[in-house]
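In: quick one, fold the following:
(one chain, ligands or ions: 1)
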Amino acid sequence: MQNVISDKPIYVTQPHLPPLEEFIPYLESIWHSKLLTNKGPFHQEFEHALCDYLGVEHLTLFANGTLALVTAMQALRISGEVITTPYSFVATAHALLWNGIKPVFVDIDPKTLNLDPAKIEAAITPETKAILPVHCYGNPCDVEDIQTIANNYNLKVIYDAAHAFGVQISNRSILKHGDLSVLSFHATKVFNTFEGGAIVCPDAKTKQHIDNLKNFGFVDETTVVATGINGKMSEFGAALGLLQLKHIDQALARRREIDRLYRTRLANVPSINCVERGGQTRDNHAYFPILVRPEYPLSRDALYSCLREHGIYGRRYFFPLISDFPMYRGLQSANRANLPVAASIAEQVICLPIYPNLVESDQSQICDFIAAAHEENVVIDNRKQNLKC
Ligand code: T4K
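Out: Sure, this is the predicted structure:
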């Protein structure tokens, strides 16, 4: 384990970009028209193209996923309490606080790592107005059970689908579930527009309302009907998105190969579990999370550090839990005793590098490295902390 795997760092992800020369004509068009933002031609074209690609009827583009989440709550006039998962990126719950909404954390299912529907009902109070589940890593939530609970208690469901670009269940877009679904097109996502996001809406009226909200609440030149925000995607982002759509299938195919190789190579490493896919009929392989079980000779953090020392920058998505951050810690639902599954998974997870340009020999060595840590005489102290690799 003395060898450095790669002479350059391997990060958890690397943005997928089209050939630069293909983007130049789009830039020339923007420079020529001088239309930079505010629903320009690329914005309109990208919305249509994206609806076609994703198999949804209506969506509205945003500058990023976080603004889209904040606006989704505004659009449905959510207040009071919202049930959500602690096992996500912090933006999920921050979107609630920005709206003055109290997050109520509910534990996750040990298999899907998404909000556990069996635990939702116990957290519902008269103040509960909505459920905000996350399709974590692109793995589908239990959408049927969640909808049944929402129907029974008259709750809205807003999916944080930041990881779920292109995912389908039963050959249908997962984004069609719930009242709204929110996407992220951040640089680190499967599909990127540098920064970007979108809200998938059920009908034209909702889309129009959100279109107004993301433009300060203007409905015409002189009329403002709501306390809107500036959430608009620029023409630059929309143009890049249009071009990215031409390459996305190839990128997803490469991700599928990487996912398959990891699963094959890590299958026989004791105490390393690859998180199972969730039965989606179309996957996006957005992340490759492994769980480092307690029986593995190194602690999760020791393996994580050791990988870093060898230039492999996996990430512990999602550690710490959102509920452990200072602004959430004081909530009753943030008590770890309430969230045993999420707390345990957060202590075990490492997301390994996955992106279309990941070189097979590098990936192979990452797998060898993880296997070797198990097989070779790795020197550790009793608490598995001080690894010499
Ligand atoms: N909901 C969920 C469930 C989310 O996961 C997210 C975002 C959101 C909502 C909010 O959506 P946005 O408002 O972001 O659209 C990253 C991303 O910043 C964040 O978008 C993402 N989730 C989260 C899971 O991961 P960091 O702090 O881990 O990113 P960073 O900058 O450390 O990047 C990771 C690695 O990627 C770097 O080590 C190198 C590589 N990288 C990154 C960037 C930004 C590049 O090679 N080039 C780049 O430009 O949060």
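
In: phi first, then psi, for the residue nearest to Leu76 when sequence neighbours are not counted.
Out: Among residues not flanking Leu76 along the chain, Lys156 sits closest, at 5.1 Å (CB to CB, 6 or more residues apart in numbering). Quick note: C-beta positions are derived from backbone N, CA and C, even for glycine. The phi and psi values for Lys156, taken as degrees, to the nearest 10, are phi -80, psi 150.

In: just checking, Lys156 touches Ala150?
Out: Yes. Counting by CB atoms under 8 Å, Lys156 touches Ala150, with 7.0 Å between them.

In: where does pLDDT dip in this structure?
Out: Applying pLDDT under 70 to the chain flags the ranges 1-6, 376-389.

In: around the ligand, pick out the residues from the stretch 101-250 of the chain.
Out: For the stretch 101-250 of the chain, the residues in contact with the ligand (CB under 6 Å from any ligand atom) are 134, 160, 162-163, 184, 186-188, 197.

In: assign Asp7 to helix, strand or coil.
Out: Under DSSP: H, G, I helix; E, B strand; the rest coil, the three-state class of Asp7 is coil.

In: who does the host helix or strand of Ile158 touch, helix- and strand-wise?
Out: Following DSSP states H and E, the helix or strand that holds Ile158 is strand 156-160. In terms of contacts (3 or more CB pairs under 8 Å, 6 or more residues apart in numbering; DSSP states H and E), strand 156-160 is packed against helix 65-75, strand 128-132, helix 143-153, strand 180-184.

In: now do 6 Å
Out: If contacts are counted by 3 or more CB pairs under 6 Å, 6 or more residues apart in numbering; DSSP states H and E, strand 156-160 sits against strand 128-132, strand 180-184.

In: how about these in JSON lines, adding mean neighbour count?
Out: Formatted as JSON lines, the helices and strands packed on strand 156-160 follow (neighbours: other CB atoms under 10 Å):
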{"stretch": "strand 128-132", "mean neighbour count": "24"}
{"stretch": "strand 180-184", "mean neighbour count": "28"}
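
In: and those strands as TSV, adding distance to Leu240?
Out: What follows is the helices and strands packed on strand 156-160, written out as TSV (distance: least, CB to CB, whole Å):
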stretch	distance to Leu240
strand 128-132	28
strand 180-184	15
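
In: so which of those gets nearest Ile322?
Out: strand 128-132 (11.3 Å; CB to CB).

In: neighbours of Phe185, how many?
Out: Per other CB atoms under 10 Å, the neighbour tally for Phe185 reads 28.

In: and whichever residue of the chain sits closest to the ligand, what does it touch?
Out: Residue of the chain nearest the ligand, by CB to the nearest ligand atom: Gly65 (2.8 Å). The neighbourhood of Gly65, defined by CB atoms under 6 Å, 6 or more residues apart in numbering, consists of 162, 184, 197.

In: run a quick neighbour tally on the first one.
Out: Okay, so that is Ala162. 28.

In: cool, and Gly330?
Out: 8.

In: and what of the one 5 residues further on?
Out: Around Asn335 there are 12 other residues, counting by other CB under 10 Å.

In: next one: Lys119
Out: Applying other CB under 10 Å, we find 16 residues neighbouring Lys119.

In: are any of the residues of the stretch 101-250 of the chain next to the ligand buried, and which?
Out: 134, 160, 162-163, 184, 186, 188, 197 (16 or more other CB atoms under 10 Å).

In: and the residues you listed, which of them are in strands?
Out: Of those, the ones assigned to strands by DSSP state E are 160, 184, 197.

In: mind listing what's buried in stretch 108-123?
Out: Buried residues in stretch 108-123 (16+ other CB under 10 Å): 108-109, 112-117, 119-120, 123.

In: which residues sit against it?
Out: 83, 85, 87, 104, 106-107, 133, 136, 139, 141-142, 145-146, 149, 278, 341-342.

In: just stretch 253-264 next, same as before
Out: By CB under 6 Å, 6+ apart, stretch 253-264 touches 274, 285, 288, 354, 356, 358, 363.

In: 7 Å - rerun?
Out: For stretch 253-264, the external contacting residues (CB atoms under 7 Å, 6 or more residues apart in numbering) are 274, 284-285, 288, 352, 354, 356, 358, 363, 367.

In: settle this for me: Cys351 is touching Tyr313, isn't it.
Out: No. In this structure, Cys351 is not within contact of Tyr313 by CB atoms under 7 Å, at 10.2 Å.

In: of those two, who's got more company?
Out: Neighbour count, other CB under 10 Å: between Cys351 and Tyr313, Cys351 has more, with 19 against 14.

In: is the more buried one in a helix, a strand, or coil?
Out: Following three-state DSSP, Cys351 is assigned to strand.

In: filter the contacts of stretch 108-123 down to the buried ones and hand me the ChimeraX line.
Out: Command for ChimeraX that selects the buried part of those, burial taken from 16+ other CB under 10 Å:
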select :83,85,87,104,106,107,133,136,139,141,142,146,149,278,341,342
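
In: just checking, which of the contacts of stretch 108-123 belong to strands?
Out: By the criterion of DSSP E, membership of these in strands covers 83, 104.

In: going along the chain, name the helices of this protein.
Out: Using DSSP state H, the helices of the chain run over 20-33, 41-54, 65-75, 91-97, 143-153, 204-213, 235-266, 300-309, 326-329, 340-346, 360-375.

In: and the ones you listed, which is most packed in?
Out: Of all the helices of the chain, helix 65-75 has the most neighbours on average by mean count of other CB atoms under 10 Å, namely a mean of 26.

In: how distant is that one from the center of its chain?
Out: In terms of CA atoms, centre = their mean, to the nearest Å, the centre of helix 65-75 is found 15 Å from the chain centre.
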